[in-house]
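Colleague: What follows is a protein structure lacking sequence information:
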């Protein structure tokens, strides 16, 4: 079975009646939450809703916030929007950290010229493996 790229949490597996049972809600409640943008499942070809495990978890969280914490639907929508924003910002931070690590790695290199006139990038503190005795440092990026 081919599972590359398959994410069990986000795979749209459940029809609305099954999702409603799993979340402990009425299917009409799920439809209302979809209309309000609280939990928006993917759609099948025939436009039927398909819920993922992540959608079910969100439905349960909406129910908890509403019943246990007394938050109204507008407040729940705002909370969920902010949580999604925090997740997106966290992903962006990770991307930037990766970019910074790459730039730092690049800055740790020096460039040397060999007897043949070729320019070779090499880690700081090392001479190029080729023509070890004839390398000349011509440029080193600022730190």
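Modeller: Alright, I've got the coordinates. The model shown is predicted, which means the values in this text are computed figures rather than measured ones.
Colleague: where does residue 101 sit relative to residue 19, distance-wise?
Modeller: 41 Å (CB to CB, to the nearest Å). All C-beta spots, glycine's among them, are computed from the backbone N, C-alpha and C.
Colleague: Looking at these two, which one has more neighbours?
Modeller: residue 19 (24 against 10; other CB atoms under 10 Å).
Colleague: The more buried one touches residue 29, doesn't it?
Modeller: No - with contact defined as CB atoms under 8 Å, residue 19 and residue 29 do not form a contacting pair (10.5 Å).
Colleague: Buried residues in the helix or strand encompassing residue 103, which are they?
Modeller: Per DSSP states H and E: residue 103 is located in helix 73-107. Buried residues in helix 73-107, defined by neighbour count with 16 or more other CB atoms under 10 Å: 76, 77, 79, 80.
Colleague: ok, now which ones touch residue 39?
Modeller: 30, 33, 51, 55, 58, 59, 62 (CB atoms under 8 Å, 6 or more residues apart in numbering).
Colleague: where do the strands sit along this structure?
Modeller: 42-43, 49-50, 109-113, 119-123, 136-139 (DSSP state E).
Colleague: Paired strands for the second one, with orientation please.
Modeller: Under the criterion DSSP bridges, strand 49-50 sits next to strand 42-43 (antiparallel) in its sheet.
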